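**Student:** give the three-dimensional model of this entry:
(chains A and B)
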Amino acid sequence: MTVPAPGLVRPRTRRRLLAAGRPGWSAAVFVAAAVIASPVVAVALGALLQGGLQLPGGVGGMVATTLALTVLVALGTSVLGTGLAWLVSVHEFPGRRVLSWLLVLPLAVPAYILGFVFLSTFDYAGPVQSGLRSVLGEDLGALPVRSLGGATIVLVLTLYPYVYLLVRAALSDLAPTAYDAARTLGASPARAFRTVLLPLARPSLAAGLALVTMEVLTDFATVQYFNVRTVSVGVYLVWKGSFDVASAVSLASLVLLFAVAVLAAERALRGDARYHQRGGRGRGLERRRLIGGQAVAATGACATVAALAFGLPVLRLVTWAASAAAEENPFTDTRFADHLTSSVLVAAIAAATCVVVSVVLAHALRLGGGPWVRAAAQATTFGYAVPGAVVGIGVLALFSAADRLLQALGREDGTGILVTGSVLGILLAYVVRFTAPAYQAVDASFARIPPTVSASALTLGAGPGRLLGRVHLPLARSGVAVALTLVIVDAVKELPLVLLLRPFGFTTLSVWVYELASENFWERAALPALLIVLVAVVPVALTFRNPATRHAR
Amino acid sequence: MRRPLARTLPALATTLLAPLALSGCGLLGGEEADLQVYSARHYSLEEAFAEFTDETGLTVEFLYGDDAELLERLKAEGADTPADVFMTVDAGMLWNAGEQGVLEPIDSTVLDAAVPEDLRDSDAGWYGLAMRARTVVYDPEKVDPSELDAEDTYAALGDPQWKGRICMRDETASYTQSLVASLIDLHGRDRAQEIVESWVANDVQIMSNDVELLETIDAGGCEVGISNHYYLARLLDEDPDLGVALYWASQDGAGTHVNISGAGVVAGTPSSAEAQQLLEWLATDGQSAFVDGNHELPVNPEVEPEPLVASFGSFERMPVDASAYGSLNAEAVEVLDAAGYR
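**Tutor:** Residues are numbered from 1 along each chain as shown, chains lettered A, B, ... in the order given. Next up is the predicted model:
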């Protein structure tokens, strides 16, 4: 295409503004990168000093399995996520409004719960195979549920909402001009989608896929349930089976290398193709009404995905919770209120912090600053690709080093605020882990703001602060809302960090679920698990009531 | 109204931080209990510790976590650790904690008398407090116990007659690792390798938890498996008609494989006397409170197991060699890997 479609500009040469940037904002990026990288660097250095880079046997097989799983899940989530986003953004069909937000909800179900629920539903003794046997006879044998295929299906169903959310946000920000022009000029809806919408949504698709990939790389629960030997299973085996932390960390750095490759690929995928819109954020597309069989198919497809990925696990949990409640009234248990408060507090503070950091990063990048500032901003996202337990160990090492330093400097109570296992430690760890989803969402939103808009504001005399408050934030609102939602949801579900770093007497819902689930008390774990889902559903629902995304419903 | 987020966000952050600041004391520790325990064990701790507090007036608080991670935390915290006692659920991990120097020796005639010699550290760094057997379970409708080899039951599951009939736990389970470590200890690595390979050759079905394994046997998905005795007891407690029976493995040979939950006093704690008191109580007066809720076996020979476990009958156990399980765990993982056990 030599002539860009109307409404689109491809400012190849104007990707960033003033190359020099603003020193203060650039410095903020470096500080954020240093703080976020420090725990991981601390633990990696510790491992290197202890034993050098030593990889256990069988690494080749684990790497191959990890690659296969990652590619399969990435393919599955992009097809499912983009397809569903396109269905609900560009079409009108019965139940679309409700379905369009039901489809986000699988995000609210932690992988360690979903994996177990799926397995217990579909394994030999589960209701599905039992039912099949009673219909088809006992000779059916065991279905291969525990396999790469099984794990792929579960991970795609858990993770597609990342792609769906980000692509849908991109489509909802669109000005209809380009799409309408393409249609008027005779492009079929499919062709208009391929040539106009997909390129515009590409940064968001790439951002979503990066998150999906990092989740797959650090997932342990699902792969363990489904007996798939990825590198993170290797990390676990080496650490907990061989008591060899140094090798485990070496292996975890391999995961990190994977992630660096993925993020490089993501940048390449966004690549030169930077599409901005004239006139800032649009009002979304005029939806095409589907009728007859098409409408039934669209409703059916969305409903099936929502039912499988969210309805089924919640139904199982409700059944278990009910049978546990029949034995013991859970509402007299004060722990629900305690643990709920802890979960919500930590998640909300973590989300606010991560989003502020992300906005600062994205804004600073928009002001320019050169390749080093860009690289530093990118480095803040790597924490998402480091297994939670490794980040936790890093924070512990860092805090105890700070403690000792303070004591060496003569402060007897060097342990004051830096006492290991403080809530501060948990928050730092959360920021390390969850800046990535926040940044991906915010940055994808910033990418759609034309640089000309920023430039005009600066030319007209607005300082960087005013530019942020009056121009960038209002235009990136949907991204900020998505970022808040993603981090809150992730943080409420988060387990390894809080398990490792929490102080005495501080228990979140996820820790409680883990305590019960690790001893197979699934019925008793069901109610707190449902509470996690409920807490995560709230921001998801609120995001959809936000005026910034209302027209997308 | 469209308020710029630049103004909303700080307001939001303040709103969120205020309750944290107010409740800061509670969140950042608050008043400490007399004894603080890092525990990889969760079941029946609340009940047992409450009883201990009733009897002694000492309050106990525990922080539950994964044992390998808690050990890393202890090492990172060093002298600053808030923990007085480290409690874990695997003999190999107890041995490892001793090796890493996070425990201090205990001088207690009470503990020495209550805990059999193979269930405690020879340097008195840690003591076993509860015992679990990892033994063979079977579907009584399809398997006659006489078909099982009484001399080396675990190894004999590699016999071709069990092809397609056995199920076991995955290799990430410490249960599997310590069972294989004990086979290496008993037979040498080469023979252990052959045994695991013979299981694999028998198309062993790998399960991700013991309850799933027992339910699969009950549903007819496999006929013989290896499970912790207390999971079977727990399921039988809920449903006495469960179609799974227990077989004490290797009674004519080395005995049934057992593992322990145990604890040690954290090095450098100012409360070592109270910590020792807690361990002594758990091994004697508190044994039943500690083990019965989870259908575990008491380590103290003076204490009877609870009735459901007692109904499984008495059995000979394989002596626990914690240093072997700990030092051979890595080899066990290698053996499982090499055999393609997955």
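**Student:** in the host helix or strand of A:Ala348, which residues are buried?
**Tutor:** A:Ala348 is part of helix A:335-366 when elements are defined by DSSP states H and E. Using 16 or more other Cβ atoms under 10 Å in any protein chain shown as the test for burial, helix A:335-366 gives A:336, A:338-366. No exception for glycine: its C-beta is placed from N, CA and C like everyone else's.
**Student:** chain B next: which of those are close?
**Tutor:** When Cβ under 8 Å from any Cβ of the partner chain is applied, the members of the buried residues of helix A:335-366 adjacent to chain B are A:Ser342, A:Leu345, A:Ala348, A:Ile349, A:Ala352, A:Thr353, A:Val355, A:Val356, A:Val359.
**Student:** just to revisit the earlier point, same for the helix holding A:Ala348, what does it pack against?
**Tutor:** The helices and strands touching helix A:335-366, judged by 3 or more Cβ pairs under 8 Å, 6 or more residues apart in numbering or on different chains; DSSP states H and E, are helix A:23-51, helix A:371-379, helix A:423-447, helix A:477-493, helix A:509-517, helix A:522-545, helix B:5-22.
**Student:** now the angle between helix A:477-493 and it, please.
**Tutor:** With axes from the mean of the first three to the mean of the last three Cα atoms, to 10 degrees as the basis, helix A:335-366 and helix A:477-493 are set at 140 degrees to each other.
**Student:** tilt between helix A:335-366 and helix A:509-517?
**Tutor:** Per the same axes, to 10 degrees, the angle that helix A:335-366 makes with helix A:509-517 is 130 degrees.
**Student:** so B:Phe49 touches B:Phe62, yeah?
**Tutor:** Yes - using Cβ atoms under 8 Å, B:Phe49 is in contact with B:Phe62, at 6.9 Å.
**Student:** looking at these two, which has the bigger crowd around it?
**Tutor:** Each of B:Phe49 and B:Phe62 has its neighbours counted (other Cβ atoms under 10 Å in any protein chain shown); B:Phe49 has more, 25 against 21.
**Student:** what strand or helix carries the more buried one?
**Tutor:** Per DSSP H and E: B:Phe49 is located in helix B:45-56.
**Student:** next, the buried residues of that helix.
**Tutor:** Residues of helix B:45-56 classed as buried: B:Leu45, B:Ala48, B:Phe49, B:Glu51, B:Phe52, B:Thr56 (neighbour count, 16+ other Cβ under 10 Å).
**Student:** tell me which other helices or strands whichever strand or helix holds B:Ser227 touches.
**Tutor:** B:Ser227 belongs to strand B:224-228 when assigned by DSSP H and E. When contacts are defined as 3+ Cβ pairs under 8 Å, 6+ apart, strand B:224-228 packs onto strand B:126-138, strand B:166-169, helix B:210-219.
**Student:** hmm, back to that, I'd like the ones next to chain B among the buried residues of helix A:335-366 as TSV, with pLDDT appended.
**Tutor:** Below are those laid out as TSV (pLDDT from 0 to 100):
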residue	pLDDT
A:Ser342	90
A:Leu345	90
A:Ala348	92
A:Ile349	92
A:Ala352	94
A:Thr353	94
A:Val355	95
A:Val356	94
A:Val359	93
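**Student:** ok, so of the residues you listed, who is nearest A:Tyr514?
**Tutor:** Closest to A:Tyr514 out of those is A:Ser342 (13.8 Å), distances taken as Cβ to Cβ.
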